[in-house]
Every structure is written in structure tokens, then in C-alpha cells.
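Q: below are the sequence and a predicted model for it; my questions follow.
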Amino acid sequence: MGKIDTFSVHSLKLLEKDPEEFKRRYVDCTHFTQNPVAARAGKKFHLLISYHLKGLDTAKFENALSEPERALWCGLKNDPIFKNDFKLVEHTFLIKEDSFSSP
């Protein structure tokens, strides 16, 4: 694995809260989830939400959802918070290490 050059808000919060866990997860790549099924579902929903918030077509993802997942997704995307303009503030926030380099 190469050098990390992009940090999410979540990873930066983890670095501040628990530097050892940050090191295990992002430097050593030895972090393992206790529930891989839930982790896969979480990744699937994060991707789906990200596409939805960016205004991209989510039909392909929605068609791959199980019935319980589809019900959850319908509830999420119809939630009033998804209709507010402020929602894009943190969801698209990534920091490139190069953006802090000297000219």
C-alpha cells in the first residue's frame, strides 16, 4: 500500500481521538472489523448515500439492495434532512496532502 495522501473527516477525527487506532487502520492496515457483514453493508450505504448526495444515478445500486436494505434506503432518501441544502458540507470533504505543500 502506498503513502496516504487523502484524509476524510472521519480519519482526521480518529487521529485526534485515538492515534493508535489511526495507525493500525491507516498506516499498518491491521484494523479488522468485528462484524464484516455489517461493515460491508455500511460501505454499501455510504457509497449509495454519497452518489445520491452528488446527484448521480443510484438505480444500479438500488437494484442490488435486498428488500430490508431497500426499505431502509427508501426511508433514508425520503428523510427531510436529505432535502436540506447544507448536506453537502461534510460529505464531500476530503483533504489532499499536496494542498498543504509549499509552492
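A: Thanks, I have the structure now.

Q: can you map out the helices along the protein?
A: Secondary structure of the chain (DSSP state H): helices at 9-17, 19-22, 36-53, 59-63, 67-77, 88-91.

Q: need the contact partners of the fourth one.
A: Translated: helix 59-63. Here helix 59-63 makes contact (CB atoms under 8 Å, 6 or more residues apart in numbering) with 44, 47-48, 51, 70, 73. From N, CA and C alone the C-beta is placed, and that goes for glycine too.

Q: switch to 6 Å and redo it
A: With contacts defined as CB atoms under 6 Å, 6 or more residues apart in numbering, helix 59-63 is touched by Leu48.

Q: tell me the gap between that helix and the middle of its chain.
A: In terms of CA atoms, centre = their mean, to the nearest Å, the centre of helix 59-63 is found 18 Å from the chain centre.

Q: let me see the mean pLDDT of that helix.
A: Averaging pLDDT along helix 59-63 yields 88.
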